[in-house]
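Undergrad: Based on what follows, work out the 3D shape:
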Amino acid sequence: MRRRELLGGLAGIVGLSSAGAAGLSSVETASAHPGPYRPLGRIPIEKAAEAVPGPDGEFAYVAAMDGFVVVDVAIPRDPQIVAERRDLLDDRENGPLRGIQDLKVEGDRLVVAGPADPIIGDVLQGLVVYDVSDPTGPEQVAFFETDYPIHNCFLRDGVAYLTGNDSEDNPVVTVDVSDDDPTELGRWSPLDHDEAWAEVPPSLRQVHDVWVGDDRAYLAQWDAGTWILDVSDPAAPESVAQVGGRPREELADISEEDAREHVIKPPGNDHYSMPSEDGGLLGINKESWAVGEGDDIEGGPGGIELWDVSDAQAPERLSTIDPPPSPDTTQGGTWTTSHNFDIVGDRLFSSWYQGGVKVHDISDPANPEELIWWRMPDEAAFWTAKLATDRFFVASSTGRLEGIDGALYTFDNEVHGEPQKDPPSLTSDAGNGTETETTAAGTETTAATTTTTEEAALDEGTATDEGSSGGAPGFGVPAAVAALLGATAWRKYRG
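TA: Here you go, the predicted structure:
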């Protein structure tokens, strides 16, 4: 690393990175001189999805649909790919593992999950475990096969938490991955809290994501809200509280035929949930779009809610960070809905697809203050934004939208000079830099739209088109199909 640090210092002095010199990035490299805010660096990554920094912030791990990539970010101005693994488990029956959208790292352990969505036919599904004690040479040490797709996962204290959406109970599944023989420990779903949740279409109560810390798990359960679990014993998770979400009785009244539309549009759509370090504040984001045709348009992109959960039994919504505007808020338009985010100290790092990346000061969570906003909607659609070190954060741009290439970006944590120079407008009639606002709890906003939604198409036998412009969030089209058919018919449909 010392050689990289020396080279980084020289690059900063001359204002040039080897990546930029080699033509790997069109982004201006940062120098020691303040100027308009812009990325520090960028490295192209085919099919990029989720990105997570390693424990020391010197490496970032990027899921890439058919595998993963390890990027050396020790010099943020000059990120370099140091390892790439594609076509995972292609020697196994029904392999390789496809649709890899998520991965997590803890210490020397990396877990890589897939497929994110159901795939028609007999396919390999599960969690691959790697030893990354040498990040430049990841070594596979285990594979835990499942009979369900894994959209997202988490890794804490040697236990992997998997989204086990099976179109029935939709549990979170805990798996011991501390050794080379992974073993399932336990399961939990809202049906364990109240069997009446079985009356709700499964697609409206899918467990979309999970975050774990301090013996608590936070499950984003889509329209069923966010559930907080006690996982002090990962083999026997217990319900602590439900935060937000639509009433169970209301969801049970939604017909299976109408479920797909409700999966896409607000309200509901808890996509990702993460607490502050002390557990007193909870961020919940909503991934949604508008649906309908012509003048009959409902919904729009979702934002990020901040909740006071210091008393989990009496949660209070403090504020909502609204999404950037879009000239077309359907799935066929410009995507500005919230995706993944990161809370560290008094900072909230967030991604908004083509709406860019943002950093907010949330020291007063009732009044979040926007500090940074960078966007380039024709070039980048940000999947995530996560703090790497106290100096910079990483953000992956997904290559799943038409005309946009996958990449990993690095950004400074602070604006030392001016904001982004001439940021592209996200609407035809809005001025730059003034296109979003934060609303107090209880305030509702309505986003305008001009075109109609597009139906998703199946591509290469997958549940979604692996991301161009269609597909319901969470599980994509077959998720709604599974909800309509039921588990038995779904398995026949897949076969």
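Undergrad: and Gly95, what does it touch?
TA: By CB atoms under 8 Å, 6 or more residues apart in numbering, the residues touching Gly95 are Leu88, Leu89, Leu124. Just so you know, the C-beta spots here come from the backbone N, C-alpha and C atoms, and that holds for glycine as well.
Undergrad: With Pro365 instead?
TA: Residues in contact with Pro365 (CB under 8 Å, 6+ apart) are Leu281, Leu306, Asp308, Leu318, Ser319.
Undergrad: cutoff 6 Å now
TA: Going by CB atoms under 6 Å, 6 or more residues apart in numbering, Pro365 touches Leu281, Leu306, Leu318.
Undergrad: So for the residue lying closest to Val415 once chain neighbours are set aside, what's the pLDDT?
TA: Take Val415 and drop its neighbours on the chain: the residue closest to it by CB to CB, 6 or more residues apart in numbering is Tyr37, 5.0 Å away. Here, the pLDDT recorded for Tyr37 equals 97.
Undergrad: Show me the helices in the protein, by range?
TA: Using DSSP state H, the helices assigned to the chain run over residues 2-14, 18-21, 190-193, 248-252, 259-264, 477-485, 487-494.
Undergrad: so Gly225 touches Gly245, yeah?
TA: Yes - taking contacts as CB atoms under 6 Å, Gly225 lies within contact range of Gly245: 2.0 Å.
Undergrad: quick revisit: so which of the contacts of Pro365 is the most crowded?
TA: For the contacts of Pro365, the largest neighbour count, defined by other CB atoms under 10 Å, is 26 neighbours, found at Leu306.
Undergrad: That one pairs with what?
TA: Counting by DSSP bridges, Leu306 forms beta bridges with Gly283, Ser319.
Undergrad: what number of residues lie near Asp278?
TA: By other CB under 10 Å, neighbour count at Asp278 equals 8.
Undergrad: how near is it to Phe393?
TA: Distance of Asp278 to Phe393, given as CB to CB, to the nearest Å: 21 Å.
Undergrad: Thr336 too?
TA: Separation of Thr336 from Phe393 (CB to CB): 20 Å.
Undergrad: What score does the spatially most central residue of the chain have for pLDDT?
TA: Nearest to the mean C-alpha position of the chain, counting by CA atoms, centre = their mean, stands Asn340 at 3.8 Å. With respect to pLDDT, Asn340 scores 97.
Undergrad: Hmm, it is touching Tyr272, no?
TA: Yes - with contact defined as CB under 6 Å, Asn340 reaches Tyr272; the gap is 5.4 Å.
Undergrad: contacting residues around the residue nearest to Val415?
TA: The contact partners of Tyr37, by CB under 6 Å, 6+ apart, come to Val415, Pro419, Gln420.
Undergrad: Can you turn the buried part of those into a PyMOL selection?
TA: Here is the PyMOL command that selects only those of these that count as buried (16 or more other CB atoms under 10 Å):
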select buried, resi 415+420
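Undergrad: would you list every one of the strands in the stretch 151-300 of the chain?
TA: All strands of the stretch 151-300 of the chain, identified by DSSP state E, counting those that start in this stretch, fall at 153-156, 159-163, 172-176, 183-188, 209-213, 216-220, 226-230, 238-243, 270-275, 281-286, 290-293, 296-299.
Undergrad: CA atoms of stretch 297-305 as PDB?
TA: Output of stretch 297-305 as PDB, limited to C-alpha atoms (Å, rounded to 0.1, in the frame of the first residue of the first chain):
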ATOM      1  CA  ILE A 297     -51.100   8.000 -13.700                       C
ATOM      2  CA  GLU A 298     -50.600   7.100 -10.000                       C
ATOM      3  CA  GLY A 299     -47.600   7.200  -7.800                       C
ATOM      4  CA  GLY A 300     -44.000   8.200  -8.500                       C
ATOM      5  CA  PRO A 301     -40.400   7.800  -7.100                       C
ATOM      6  CA  GLY A 302     -39.800   7.200  -3.400                       C
ATOM      7  CA  GLY A 303     -37.600   8.900  -0.900                       C
ATOM      8  CA  ILE A 304     -35.900   8.200   2.400                       C
ATOM      9  CA  GLU A 305     -37.700   8.400   5.700                       C
END
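Undergrad: What pLDDT is listed against Leu124?
TA: Looking at Leu124, its pLDDT stands at 98.
Undergrad: From Glu139, how far off is it?
TA: As judged by CB to CB, Leu124 and Glu139 stand 20 Å apart.
Undergrad: Looking at the two, which one has more neighbours?
TA: Leu124 (21 against 11).
Undergrad: Am I right that that one is in contact with Asp91?
TA: No - Leu124 lies out of contact with Asp91 (CB under 6 Å); the separation is 10.7 Å.
Undergrad: Show the contacting residues for Asp405.
TA: Contacts of Asp405 by CB under 6 Å, 6+ apart are Pro44, Gly399.
Undergrad: His416 too?
TA: Neighbours of His416 in contact, by CB under 6 Å, 6+ apart: Pro34.
Undergrad: Residue ranges in the chain under the pLDDT threshold?
TA: 1-33, 428-495 (pLDDT under 70).
Undergrad: Verify the contact between His339 and Ser350 for me.
TA: No - look at His339 against Ser350 with CB under 6 Å: they stay out of range, at 8.1 Å.
Undergrad: higher neighbour count, the two?
TA: Between His339 and Ser350, Ser350 has the larger neighbour count (other CB under 10 Å), namely 28 against 24.
Undergrad: Please name the residues that touch that one.
TA: So Ser350 contacts Phe341, Lys358, Ala385 (CB under 6 Å, 6+ apart).
Undergrad: quick one, phi psi at the closest residue to Phe392 other than its chain neighbours?
TA: Nearest non-adjacent residue to Phe392, counting by CB to CB, 6+ apart: Pro76, 4.5 Å away. Backbone geometry at Pro76, expressed as degrees, to the nearest 10, gives phi -60, psi -30.
Undergrad: Just list the residues touching Pro76, thanks.
TA: So Pro76 contacts Leu40, Gly41, Phe392, Thr410 (CB under 6 Å, 6+ apart).
Undergrad: how many neighbours does Pro201 have?
TA: Neighbours of Pro201 under the rule other CB under 10 Å: 24.
Undergrad: What distance do you get for it to Arg248?
TA: Pro201 sits 12 Å away from Arg248, going by CB to CB.
Undergrad: One more: Asp179?
TA: From Asp179 to Arg248 the distance is 39 Å (CB to CB).
Undergrad: Please identify which of the two sits among more neighbours.
TA: Counted by other CB under 10 Å, Asp179 and Arg248 do not tie: Arg248 has more neighbours, with 20 against 11.
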